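In: Sequence and predicted structure, then a few things I'm wondering about:
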Amino acid sequence: MTHAFPEMMDFAGFNAPSRVECDIYDLVVEGTVPAEINGRWYRMTPDPQFPPMLGHDTYLSGDGMMSMFTFENGHVDFKSRYVMTGRLKNERNARRGLYGLYRNPHTDDPSVKGAAGRSAANTTPVFHAGRLLATKEDGRPVELDPRTLETLGEYDFGGALRSATMTAHPRIDPHTGEMYAYGTEAGGLASRDLAFFVIDRDGKLVREEWFEGPYVGMMHDFVVTKQHVVFPFFPVIADKARMESGGPHWRWEAGKGSHVGIMPRDGSVKDMRWFHGPDRSFFHFMNGHTAGNQVHIDFGVSAEVPFPFIREASGLSGPPNMETSGLVRWTFDLAGRSEQWEQRPLGPPGDFPIIARRDHMSPYAVGYYQMFNPNLGPPIAAGPVGVGFNSVARIDLQTGEVRAFAPGPTNTVQEHVHIPSSKPGHEGYTVFVVDFHETMSSEVFLLEAAHPERGPIARIKLPLRLRNQVHGTWVEERDLPAI
């Protein structure tokens, strides 16, 4: 018999595991879903099948649950399935948790030590060259059937991938169809090896180069422009000896500084130029572009790492230092001799930045992201950081204007995705899940991307609570492979 999950932030309230695999045909819609919206919204959620073996764990260790909203002619269907990783199969056979600390195999049950497939594949659904991949940065992706969500198995690009890992944040060029990706700890646990690789529009891995990072640090996301590739590190550090003694994978190490490597996109990792700056924390990048000899990257930054499990492992108490937080632009001068960058503010603090797919890697005018606005109400526990976002925002990068929508003081929002429109001059739509904490229920809100402040044009009702996703992606129906 499965025991109860621990009473801690990662497993209680709206963060309580759902563990529901289901199909719901024709969800109730309040309002109107435009008929031009025709595609699939894939979401990845860490959702543990079993309580943690050690009695505690982080939200981010949960088994990968892929869910899919299918939009067709104003109708919406829902499907959810577990990603059947080797990890989940082993635990189902044992009917209990078998894995220890986050990304530390030295703490696992003896029955699975050394077993392949430890990754939970729970972070980002990636769709490229007709394949749907469930990704997490500590392992290789797992391929799923994009219509049924059936697990097809670990994917290594036809045996071509040498790296042991692949990022959950690859970058796809909207014009060439190429996918740019990387793997950290590519040569094994806590190795300084990084692999940079390129997959062509047909899904063939055509390039893989390895290099060493400044330290075994976290690089959760990266930036690709039309001319450059940007590798940003911040001082959340992995240590092999610490893990071998049963300690945590990640620890914030103040004083290590932030490091950013930039290489020509058509060059080699041997052409990498490194820039150095103060300790900063950053996870997700809105976009980047090259202008002459300058490379610009836009993202949310803060002074310290926000995740509670990393803060605890690092001896950091209390809430994160937010004095230097905000949406910012870092500019790197490749013609100059300085090893530092310039920073200018763009907007209020936030995360989960997105843009229209057509704007990736190029100069752009509009972005969307999520914020926690303290004026709207007190913090509410939701998601892996422990404080849920309470508003979605559109920012004009040229004027600084921010338009925002908030669903109410007792509700939080999950990550949104952008849906393009075929109408001339139309900015498209954003869609996201709203958590109603008083009723422990979920709805999907669909907004006009240009005017979030006007509220939803459609509310899609759900008969179940959806645990907070990490990331999602939108795929047009016409881009799915033929049956």
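Out: The structure has been received and is ready for your questions.
In: Can you pull out the low-pLDDT segments for the stretch 301-450 of the chain?
Out: 321-324 (pLDDT under 70).
In: And the helices in it?
Out: Counting by DSSP state H, counting those that start in this stretch, one finds helices in the stretch 301-450 of the chain at the ranges 308-314.
In: Next: the stretch 51-200 of the chain.
Out: Using DSSP H, counting those that start in this stretch, helices in the stretch 51-200 of the chain cover 86-94.
In: any idea how far R92 is from M84?
Out: According to C-beta to C-beta, to the nearest Å, R92 stands 9 Å off from M84. C-beta: built from backbone N, CA, C; applies to glycine.
In: now do L132
Out: 14 Å.
In: Those two: which is more packed in?
Out: Each of L132 and M84 has its neighbours counted (other C-beta atoms under 10 Å); L132 has more, 26 against 19.
In: List the contacts of the more buried one.
Out: 42, 125-126, 143-146, 475 (C-beta atoms under 8 Å, 6 or more residues apart in numbering).
In: Out of those residues, grab the one that's most surrounded.
Out: P125 (31 neighbours).
In: wait, isn't that one in contact with T473?
Out: Yes - at 5.0 Å, P125 counts as touching T473 under the criterion of C-beta atoms under 8 Å.
In: what sits in contact with each of these two?
Out: By the contact definition C-beta under 8 Å, 6+ apart, P125 and T473 are jointly contacted by Y42.
In: For the helix or strand containing E30, report the contacting residues that lie outside it.
Out: If you go by DSSP states H and E, E30 is part of strand 29-31. With contacts defined as C-beta under 8 Å, 6+ apart, strand 29-31 is touched by 74-76, 446, 456-461.
In: now stretch 314-332
Out: Contacts of stretch 314-332 (C-beta under 8 Å, 6+ apart): 230, 251-253, 260, 262, 275, 280-281, 286, 294-306, 311, 341-350, 353, 369, 395.
In: how many neighbours does the nearest residue to T430 once chain neighbours are set aside have?
Out: The shortest distance from T430 to any non-neighbouring residue, by C-beta to C-beta, 6 or more residues apart in numbering, is to H416 (4.6 Å). Residues near H416, counting by other C-beta under 10 Å, number 25.
In: H416 touches D351, doesn't it?
Out: No - using C-beta under 8 Å as the test, H416 is too far from D351 to be in contact (11.6 Å).
In: list the residues that contact both of those two?
Out: Joint contacts of H416 and D351 (C-beta under 8 Å, 6+ apart) are Q370.
In: Distance-wise, check the residue nearest to T430 relative to D77.
Out: Relative to D77, H416 is positioned 20 Å away (C-beta to C-beta).
In: And D333, by the same measure?
Out: On the measure of C-beta to C-beta, D333 and D77 end up 50 Å apart.
In: wait, R273 sits on G261?
Out: Yes - if you go by C-beta under 8 Å, R273 and G261 touch, sitting 7.0 Å apart.
In: With neighbour numbers in mind, choose between the two.
Out: G261 (21 against 14).
In: just checking, that one is part of a helix?
Out: No - counting by DSSP: H, G, I helix; E, B strand; the rest coil, G261 is located in no helix; its state is strand.
In: That one is in contact with K270, isn't it?
Out: No - here G261 does not reach K270: they are 11.6 Å apart, not a contact under C-beta under 8 Å.
In: So what sits opposite the spatially closest residue to R131 that is not a sequence neighbour in the bridge?
Out: Distances taken as C-beta to C-beta, 6+ apart place E143 nearest to R131, at 5.8 Å, with adjacent residues excluded. With DSSP bridges as the criterion, E143 is bridged to L133, G153.
In: Run a quick neighbour tally on G292.
Out: By other C-beta under 10 Å, the residues close to G292 number 9.
In: Use 11 as the first number from now on
Out: Got it, the first residue is 11 from now on, which makes the last one we talked about G302.
In: Extract the CA atoms of the biggest strand by length in the chain and return them as PDB.
Out: Counting residues, the longest strand found in the chain (DSSP state E) is strand 238-248. C-alpha atoms of strand 238-248 as PDB (Å, rounded to 0.1, in the frame of the first residue of the first chain):
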ATOM      1  CA  HIS A 238      26.100  33.800 -32.000                       C
ATOM      2  CA  VAL A 239      25.600  31.100 -29.300                       C
ATOM      3  CA  VAL A 240      25.600  32.300 -25.600                       C
ATOM      4  CA  PHE A 241      26.300  29.900 -22.700                       C
ATOM      5  CA  PRO A 242      25.500  31.600 -19.300                       C
ATOM      6  CA  PHE A 243      26.600  30.000 -16.000                       C
ATOM      7  CA  PHE A 244      25.800  31.100 -12.500                       C
ATOM      8  CA  PRO A 245      27.200  29.900  -9.200                       C
ATOM      9  CA  VAL A 246      25.000  26.900  -8.300                       C
ATOM     10  CA  ILE A 247      27.700  24.300  -8.200                       C
ATOM     11  CA  ALA A 248      27.800  20.500  -8.300                       C
END
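In: Tell me the helices and strands packed up against it.
Out: Counting contacts by 3 or more C-beta pairs under 8 Å, 6 or more residues apart in numbering; DSSP states H and E, strand 238-248 packs against strand 203-209, strand 227-228, strand 233-234, strand 260-262, strand 268-274, strand 295-301, strand 304-311.
In: Give me the distance from the second one to the chain's centre.
Out: Its chain's C-alpha centre and that of strand 227-228 lie 15 Å apart, by C-alpha atoms, centre = their mean, to the nearest Å.
In: tell me what that strand is packed against?
Out: strand 238-248.
In: for the last one, same thing?
Out: The contact analysis (3+ C-beta pairs under 8 Å, 6+ apart) places strand 304-311 against strand 238-248, strand 295-301, strand 336-343, strand 361-364.
In: closest to Y35 out of those?
Out: Proximity to Y35 (C-beta to C-beta) singles out strand 361-364 among these, at 28.6 Å.
In: Convert that closest one to PDB, retaining C-alpha atoms only.
Out: C-alpha atoms of strand 361-364 as PDB (Å, rounded to 0.1, in the frame of the first residue of the first chain):
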ATOM      1  CA  ASP A 361      10.000  34.700 -15.000                       C
ATOM      2  CA  PHE A 362       8.700  32.300 -17.600                       C
ATOM      3  CA  PRO A 363       9.400  34.700 -20.500                       C
ATOM      4  CA  ILE A 364       8.000  33.900 -24.000                       C
END
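In: P180 touches G193, doesn't it?
Out: No - the criterion here is C-beta under 8 Å, and P180 misses it with G193 at 10.5 Å.
In: More neighbours: which of the two?
Out: G193 (25 against 22).
In: List the beta-bridge partners for the more buried one.
Out: Under the criterion used here (DSSP bridges), G193 is bridged to A205.
In: And the pLDDT at it?
Out: Turning to G193, the model gives it a pLDDT of 98.
In: How about the contacts made by it?
Out: 147, 173-177, 204-205, 207.
In: Quick check: it vs V305, distance?
Out: Between G193 and V305 the distance is 22 Å, computed by C-beta to C-beta.
In: now the contacts of L142 as JSON lines including distance to A416 and pLDDT?
Out: JSON lines is the format used below for these (distance: C-beta to C-beta, whole Å; pLDDT from 0 to 100):
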{"residue": "Y52", "distance to A416": "26", "pLDDT": "98"}
{"residue": "P135", "distance to A416": "27", "pLDDT": "98"}
{"residue": "V136", "distance to A416": "30", "pLDDT": "98"}
{"residue": "E153", "distance to A416": "38", "pLDDT": "98"}
{"residue": "L154", "distance to A416": "34", "pLDDT": "98"}
{"residue": "D155", "distance to A416": "37", "pLDDT": "98"}
{"residue": "P156", "distance to A416": "33", "pLDDT": "98"}
{"residue": "V485", "distance to A416": "28", "pLDDT": "98"}
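In: Lovely, talk soon.
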